[in-house]
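Peer 1: attaching a predicted model along with its sequence, questions to come.
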Amino acid sequence: MSGGFKSYVNMNEVEKTEPESQKKDVKKIANEVFGGPMEPKLLPGELVIAEGHNVLKFNSTDDFNHGVSGALFCTNFKISFVTANRSSYDLGELRQRNQLLSEHDIALTCVEAVYQVWNGKKKRLPPGSNIQGRVGILEIHCKDFRILPFSFKFTPKEAERNVVNAILHHAFPTSLDLLFAFEYNPGKNLRIGIADTPEFRAVKDWERELSRVHPSGWRVSFANTNFKMSDTLPEQFIVPSSLSDHDLNNSSPHFVDGRVPLWSWSHQNGSSLVRMVELRSDTTQTQYLERHCLPSTQVVPLMLRAIESTHPERTKASVIDLARLCPSPKYIQVAYYKLRDLCMPASAEDFWAADQKWYSLLDGTKWLQCVSACLSVSSAVAERIAGSRQTVVLREYDGRDLSCVVASVVQLILDCHTRTLVGFQALVQREWVVCGHRFTDRLHHVHAKDKDNEESPVFLLFLDCVWQLLQQFPSCFEFTETYLTTLWDSARVPLFATFLFNSERDRYVACMDAKRDKNDNTSPTLMPVWDWSLQFSDQDRLLFNNPLYGGKLAEYFPEHPSNGPTVVPPNPTNTLGSFKSRNKWKSKKKKQAGASAQVSFATPSTPSFNGPLFPINIGAGLKLWTQCYMRWIPWAHTVGGGPPSEYFHQCLLVDELHILNMKIHSLEMSKPDEHNTSRESGMFFTFESPRGFDANDSLTSAFPYSPIGSMDRKSIVGTPLFSFLRRMSVSSYNGAAANGDD
């Protein structure tokens, strides 16, 4: 029997004492609606903590009138709703299907807040609290901007209480060892398929990176072996060859967290990109260090001389103060909260009310200003390295937030290898994971009462910067926006250890503690996120492949001029003004609009896929990442239109080119080449797609995600939001980037 329903019952009504006969009637009706028992799909090591049957899952976008029925489970990994039928909105086989989390599952670390809805009022339930009475409707707000309401109207009171209390306790762990990553037990036969993505936990990975970019005057240092010098640096990292490990050990106590300057990347002209923290400010400790170590007044000059000695011309290094130029993590968090509120409407009325003043509300979040600042600073740094042939040192207080963003974006601008899938993953692993970005704190994995909340989506800000580059230069990236969205989603899956820890030392200590706590004294199997086969099938992983990537098209058009190197002149808009002075868009909109029309942006109309990329980083050049932020809002989507429709036709075009190329190759051979008969073009959509498939009827702008809610909705045509979304056309990206057009 189908588990779908249309509710005519007031779910907010306070439960009253009912006669026994009426209770039996309710149970009878509930059994007819919900069917037999259902169980969730469990991973190795996953355990069911609490379960409640006869639960109603509503569409929050449909005024609690439609939804599905089933059973709600809380495990040590996820909140799982199991139903006998599909949801009221389903894209069928076109939806990205996660093998770890189904359409109705929520990873525990993805839960933002839990609310009780009663008589039309919402009350936030404190993490770790115990609920004694009836809840009515439980509304779960997720970090990916979903809102999922569940009603326990027909659920026994005890089961309801157990499920709700289990969610309140396990969705907000107070220590890292409570996360599922330490309970996952895949067995001995598991093969981790990340051979192509270096983890930079072995010296060979660093040596391979040095050999790839061929810098002179740099070496791999072992001064931090066993984390004896710094708790937040990796055990191996790259430093100037003129500095001995003894010099590093004498200098490190003067720097915050003992983090001596470390190499990020080098240009072929000999200029390098270096990350450095500030000196410690505690006077008592400084006086002790000056008696036993190198004087503090000599530390920075020593480091800068060593860095400058690696340049062929021994030019003076440029020190960039990121605290002055970029938004602080706290500012980023406030902007993110405002963006979240805008993109998580509680009802259709809230959505349409916001639509009337969409542009002002979006501008008021200050999120795009944060993106603009990071792109502007990164572009200016890239120009100093590539254009002025100057080594740049990025200075940040502890070197673990904005320096990660800027160092990574600079490399994406200048190094085409980082724009490949494997190169990008290696970049994230090197600049973010092993170099100590505080994922535990910034993603708020742990909810300790005695610790301040240091949450800030700095990593999301970086991914948004990458997305902006992808929109302006779609042929220069091997991966798609779906890959970026999936990577952000995966950062909040507690199975993967890649984004769990604050540092490599924290990872090591957690493994040792878990090993000591186990009876068999075996280390936990910490899974890296880069093994995408754990989450997606071979077919779904094709969604990561960009059909417009120049490296792919070069196979079919090797002589095309866009496949050669491109020399990009400096961009006059990339100046290093302070963040506060540039954070005044409202007063400068007209001035910026005029500038964007008059300035010749340093972006060729047909950019080389392996050349440098200098993005438009002001007003009209920036867009909202709608796939990530608005995918769950059904009223904002269009059927048969938007970037997914263009992606569909691009895939078909590349697939056809592949077929023609294979036929030409076969005709040129005197006999068929048995080693080159692959039919696979690497595209998600091919000419072998089912007959009768029509992108205009089957695809929505939410592809490949399923928005929650009914498709029967008011049209957005003619509204401010429609005008905003209409600009999100893939076909106009190159032209917009070239001409500075909106």
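Peer 2: Cool, the structure landed. Numbers count the residues shown, from 1 in each chain.

Peer 1: low-confidence stretches in the stretch 151-300 of the chain?
Peer 2: Within the stretch 151-300 of the chain, the stretches with pLDDT under 70 are 188-195, 283-294.

Peer 1: all helices for it, in order.
Peer 2: For the stretch 151-300 of the chain, helices defined by DSSP state H, counting those that start in this stretch occupy the ranges 157-170, 203-213, 245-251, 283-292, 296-308.

Peer 1: next one: the last one to chain centre, how far?
Peer 2: It stands for helix 296-308. Counting by CA atoms, centre = their mean, to the nearest Å, helix 296-308 is centred 36 Å from the centre of its parent chain.

Peer 1: what of stretch 40-48?
Peer 2: The mean C-alpha position of stretch 40-48 is separated from the chain mean by 26 Å, CA atoms, centre = their mean.

Peer 1: also stretch 98-118?
Peer 2: Centre to centre, stretch against its chain (CA atoms, centre = their mean), the figure for stretch 98-118 is 17 Å.

Peer 1: ends of it, what's the gap?
Peer 2: In stretch 98-118, first residue to last residue: 33 Å (CA to CA, to the nearest Å).

Peer 1: and that stretch, average pLDDT?
Peer 2: Averaged across stretch 98-118, the pLDDT comes to 93.

Peer 1: show me what contacts the residue most central in space within the chain?
Peer 2: By CA atoms, centre = their mean, the chain has its centre lying nearest to Trp488, at 2.2 Å. Applying CB atoms under 8 Å, 6 or more residues apart in numbering to Trp488 gives the contacts 144, 459-460, 463, 628. Using the backbone N, CA and C atoms, a C-beta is placed for each residue, glycine as well.

Peer 1: double-check that it belongs to a strand.
Peer 2: No. Trp488 is assigned helix when assessed by DSSP: H, G, I helix; E, B strand; the rest coil, not a strand.

Peer 1: looking at it now. What's its pLDDT?
Peer 2: 98.

Peer 1: same thing with the one 5 residues further on?
Peer 2: In the predicted model, Val493 carries a pLDDT score of 96.

Peer 1: that one and Ala107: what is the separation?
Peer 2: Distance from Val493 to Ala107, counting by CB to CB, to the nearest Å: 5 Å.

Peer 1: ok, Trp530 next?
Peer 2: On the measure of CB to CB, Trp530 and Ala107 end up 18 Å apart.

Peer 1: tell me where the stretch 551-700 of the chain has strands.
Peer 2: In the stretch 551-700 of the chain, no segments count as strands under DSSP state E, counting those that start in this stretch.

Peer 1: residue ranges in it under the pLDDT threshold?
Peer 2: Residue ranges of the stretch 551-700 of the chain with pLDDT under 70: 554-575, 577, 580-607, 670-679, 689-697.

Peer 1: in it, which spans are helices?
Peer 2: For the stretch 551-700 of the chain, applying DSSP H, counting those that start in this stretch gives helices covering 579-582, 585-598, 626-629, 643-668, 695-698.

Peer 1: how far off centre is the third one?
Peer 2: Taking CA atoms, centre = their mean, one finds helix 626-629 lying 11 Å from the centre of the chain it belongs to.

Peer 1: next one, pLDDT for Arg95 please.
Peer 2: Looking at Arg95, the pLDDT reads 73.

Peer 1: what's around it, how many residues?
Peer 2: 15 (other CB atoms under 10 Å).

Peer 1: again with the one 10 residues further on
Peer 2: Residues contacting Asp105 under the criterion other CB under 10 Å number 19.

Peer 1: hang on, it packs against Cys74?
Peer 2: No. If you go by CB atoms under 8 Å, Asp105 and Cys74 don't touch, sitting 11.1 Å apart.

Peer 1: overlap in contacts, those two.
Peer 2: Joint contacts of Asp105 and Cys74 (CB under 8 Å, 6+ apart) are Ser80.

Peer 1: joint contacts of Val493 and Ala107?
Peer 2: In contact with both Val493 and Ala107: Leu101, using CB under 8 Å, 6+ apart.

Peer 1: could you pull out the strands in the stretch 251-400 of the chain for me?
Peer 2: Assigned by DSSP E, counting those that start in this stretch, the stretch 251-400 of the chain shows strands spanning 262-266, 272-277, 318-321, 392-396.

Peer 1: ok, which of the ones you listed comes nearest Ser645?
Peer 2: Nearest to Ser645, of all these, is strand 262-266, at 37.4 Å by CB to CB.

Peer 1: next one: the closest one to chain centre, how far?
Peer 2: The answer for strand 262-266 is 24 Å, by CA atoms, centre = their mean.

Peer 1: try stretch 371-383
Peer 2: Here the centre of stretch 371-383 is set off from its chain's centre by 20 Å, with CA atoms, centre = their mean.

Peer 1: ok, stretch 366-386 next?
Peer 2: Centre-to-centre, stretch 366-386 and its host chain are 19 Å apart (CA atoms, centre = their mean).

Peer 1: from now on call the first residue 38
Peer 2: Okay, using 38 as the starting number, the last item reads as stretch 403-423.

Peer 1: Thr562 reaches Glu220, doesn't it?
Peer 2: No. The criterion here is CB under 8 Å, and Thr562 misses it with Glu220 at 10.1 Å.

Peer 1: and the closest residue in space to Ser718 that isn't next to it in sequence, how far from Leu497?
Peer 2: Closest residue to Ser718 apart from its sequence neighbours, by CB to CB, 6 or more residues apart in numbering: His695 at 3.7 Å. Going from His695 to Leu497 by CB to CB gives 35 Å.
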